[in-house]
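*Asks:* What follows is a predicted structure for the sequence shown.
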Amino acid sequence: MFDQRDLRPSHLLYVSDVVSNPQNHAEAQFQTLLESAPDAIVIADGNGRIVIVNHQAEILFGYQRDELLGQSVEILLPDQLHERHARYRHNYSIDPRTRPMGLGHTLIARHKSGTEFPTEVSLSPLETEQGLLVTSVIRDISERKGAEAALQRQTAFVQLLQEVAVTANQASGVEEALQQALNQICTHTGWPIGHVYLPDPQGTMLTPTRIWHLENPNRFMAFRKQSEALEFALGVGLIGRVLESKKPVWSGDAGADPAFLRAEVATKNGIHASFAFPVLVGDEVAAVLEFFSLEAAEPDAALLDVMTHVGTQLGRVVERTRSAEQLERRVERRTAHLNALLELSKELLPTRGLDTLLQRAMSNAMALVPEASCGAIYLYESSSNRLAPRASSGFSQLPATNVPATLGALGVAFTTRQAHVANTADEFVALTPEMSDEQRLQLLRALDLRTLPTGALAIPLVAHDQAVGVLLLLRKTGAGKFAAEARATLEGLANLAAAAILEERSARRAATLSNQLASLEEQQRALTERLSSAEAAILQAARLAAVGQLAASIAHEINNPLYAARNCLYLLENELADQRAGSDFLTIAREQLTRIAGIIQRMRDFYRPARGDLAPADINQLLEDTLALAGLNMRESSIEMIFTPDHTLPNVRCNADQLRQVFLNLVLNAIEAMPNGGTLTVRTVAGQNVALIEIQDTGVGIPDDIRVHLFEPFYTNKPNGTGLGLSISAHIVTQHSGQIEVESVEGQGSVFRVVLPYEP
């Protein structure tokens, strides 16, 4: 605020005048305003001596007014800030200026009791006859700072939870997840020690691990050694209490806690506050994490709440890891079993043909179960909902009767998809207690049996969650029970057989589909060829349609030179004696015939089928040929033609015949749009990479509802039109990697623009 200097009497006199002269109405108002202010107000002179304080200042700092008047403003600051503040106050007195509150400057103030608290201060200088006075408005911002700190802490907790969740889920195992959690918690809390305990198999003791976070390993070596030598039972020590309660536990000062078994070494290492929390999998404690601080601290409920969530996150990781390990062990056992099974069924897998496959599977099954007298494999037929015998062993011949898919041991195994064992005739009957005697007789006939078997083993053939049949083995008379090991092995064999059956069926379906696909591809090729031919025919038809549109004009164009040539030849015949006149007539006849040949050649160039290859072409020349071909049409319609070619236009790689068709179609459309005459303007422009061709008429224009459909096939508003001209033109331009667009205003005319790249 200000430098410490002697308080001048004149200032005290001024203050006395201000506060003790009730006759001065303005001064009374000032005093009332000062006391009614919600913030503390301290007014000091240029030497930093306090001359006025309001009641809020007394409340804020704990001093009586008399204790502050005449004192240096540094009395309101902590000792360590006095010197720096005095320098600031001195500089401020040299260049005093208003400093509003809320600029982000925080000043630590001190209460009379010595308590420090954050404040915001505004400064307002005032020059008086007695010298400089500076008004400081001081506001306690402890609550706001506390709220900000709480928010920052909460944000840090959320970030910690997110980091623990992410890293734990990415960890390769439980130990790595616990180690990363230790590191992250110690980093966020600033606590230098973290350690993990794991339960014994019975879950009644916690044993130490080598999973640690140590900020200074050498310093805490003794503490680590003692920790790794201790085990904790239920309720014993900090760790045992966590195991017993399954909740976080806090110790404000471990060294002074009689229940803390490592108190002596903790004190020697400067360790004080500690807490621990469980990692829970359901209701089971899967681990306990403990942490230590070098300072004593009261229990932090918010921190312990976050640790509870961290324990839950880690518990999920432990649970997933356990499940994965159990699955891995099951897979290992299953793999070992299948390897043994594969050794027994090497002949099964390379089998070609379903009947051979089933017979080999049946032979393997009989070889695995010496107690069996006979057996058969039945496959399910969905059309009849019955099980049909497809392979057998021990029967005089393959059973000839299909069995209902819900009947007897076969039906039970098939419908439940579970193996069923009957070790007596009564058990065989008990599998289907609802069967009548007639149905049992039907079953015996289907199985080619005269009496009930003394035992049976029915195993479903299941693959990809689909039952495809049943393997049935009947026990020999007097033989022992079916061994459990044989049943397990047969289940594996049945699964392999089912998979092979499905694979063989899939192969047959795949072959059928492949043949169908080949047939469809051949049909597609034929259709594509027909489509290409049809497209070429449409293009040629459109070209011939355009020629037909010119036919009358061209006939007139040809007729004139033919008439002239005929008259010349007639006159030549009559004037044969006059050699000079004959020569002139022959010249005229030759020129007119040449003119006819040119007209015919241009028509041939246009209506002949377009070549498919691309070659560089002069766009200006193509347009000149097109305009010459349509010249008579323009003259008959009183149309003025303006052609403005850009002679810098490079050649365009294109199909010249197709572009002639496009240009002629656009020119003829423009002529039709001007039945009463007008102006046809054609120009070319050389762009950076493209050629621009514009064909503009001053005709009737195109309505908007027609313009949007202009390039759609078979769309036309002409009585005799096909709707293909512009559609084909757009198709040709697109095939040249170009664009065609139109702008039109009804009553004013239209502009068609064609943009073609030099190299499509």
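*Replies:* The structure has been received and is ready for your questions.
*Asks:* and R653, how many neighbours does it have?
*Replies:* R653 has 15 neighbours, counted by other CB atoms under 10 Å. Glycine gets a C-beta too; all of them are placed from N, C-alpha and C.
*Asks:* so it makes contact with P616?
*Replies:* Yes - between R653 and P616 there is a contact under CB atoms under 8 Å: 5.5 Å.
*Asks:* Let me know the helix or strand that L680 is in.
*Replies:* Element membership for L680 (DSSP states H and E) is strand 678-686.
*Asks:* and whichever helix or strand comes after that strand, how far out from the chain's middle?
*Replies:* With elements assigned by DSSP H and E, the helix or strand that comes after strand 678-686 is strand 690-696. Its chain's average C-alpha position is 44 Å from that of strand 690-696, according to CA atoms, centre = their mean, to the nearest Å.
*Asks:* Can you list the strands that strand 690-696 pairs with?
*Replies:* Paired with strand 690-696 in the same sheet, following DSSP bridges, are strand 678-686 (antiparallel), strand 749-757 (antiparallel).
*Asks:* Tell me how far the last one lies from the chain's centre.
*Replies:* Pointing back at strand 749-757 there. Using CA atoms, centre = their mean, the offset of strand 749-757 from its chain centre is 42 Å.
*Asks:* Give me the contact list for that strand.
*Replies:* 619, 652, 654, 659, 662, 666, 669-670, 673, 678, 687, 689-702, 733, 736-744 (CB atoms under 8 Å, 6 or more residues apart in numbering).
*Asks:* Please apply the same query to the first one.
*Replies:* Residues lying outside strand 678-686 but in contact with it, judged by CB under 8 Å, 6+ apart, are 619-620, 623, 627, 634, 639-646, 648-650, 667, 670-671, 674, 691-699, 749.
*Asks:* Sitting in helices, which of those do you find?
*Replies:* 619-620, 623, 627, 634, 667, 670-671 (DSSP state H).
*Asks:* So for the protein, the centremost residue is which one?
*Replies:* Relative to the mean C-alpha position of the chain, the nearest C-alpha, by CA atoms, centre = their mean, is the one of V166, at 18.2 Å.
*Asks:* quick check: mean pLDDT across the helix or strand containing that residue?
*Replies:* Using DSSP H and E, V166 sits within helix 142-170. Averaged over helix 142-170, pLDDT sits at 73.
*Asks:* what's the burial count for the closest residue to A617 other than its chain neighbours?
*Replies:* Among residues not flanking A617 along the chain, A656 sits closest, at 4.3 Å (CB to CB, 6 or more residues apart in numbering). Number of residues near A656 (other CB under 10 Å) recorded here: 20.
*Asks:* swap in H272?
*Replies:* So H272, with other CB under 10 Å, has 20 neighbours.
*Asks:* what's it sitting at in phi/psi?
*Replies:* In terms of degrees, to the nearest 10, the main-chain angles of H272 are phi -130, psi -90.
*Asks:* Quick one: residues contacting it.
*Replies:* 252-255, 266, 292-297 are the contacts of H272 under CB under 8 Å, 6+ apart.
*Asks:* how close does it get to E215?
*Replies:* H272 is 15 Å from E215, where distance means CB to CB, to the nearest Å.
*Asks:* What of A488?
*Replies:* Per CB to CB, A488 is found 55 Å from E215.
*Asks:* Quickly find the element holding S93.
*Replies:* helix 82-94.
*Asks:* Kindly list the longest strand within this protein.
*Replies:* strand 116-128 (DSSP state E).
*Asks:* other SSEs contacting that one?
*Replies:* In terms of contacts (3 or more CB pairs under 8 Å, 6 or more residues apart in numbering; DSSP states H and E), strand 116-128 is packed against strand 107-110, strand 131-140, helix 142-170.
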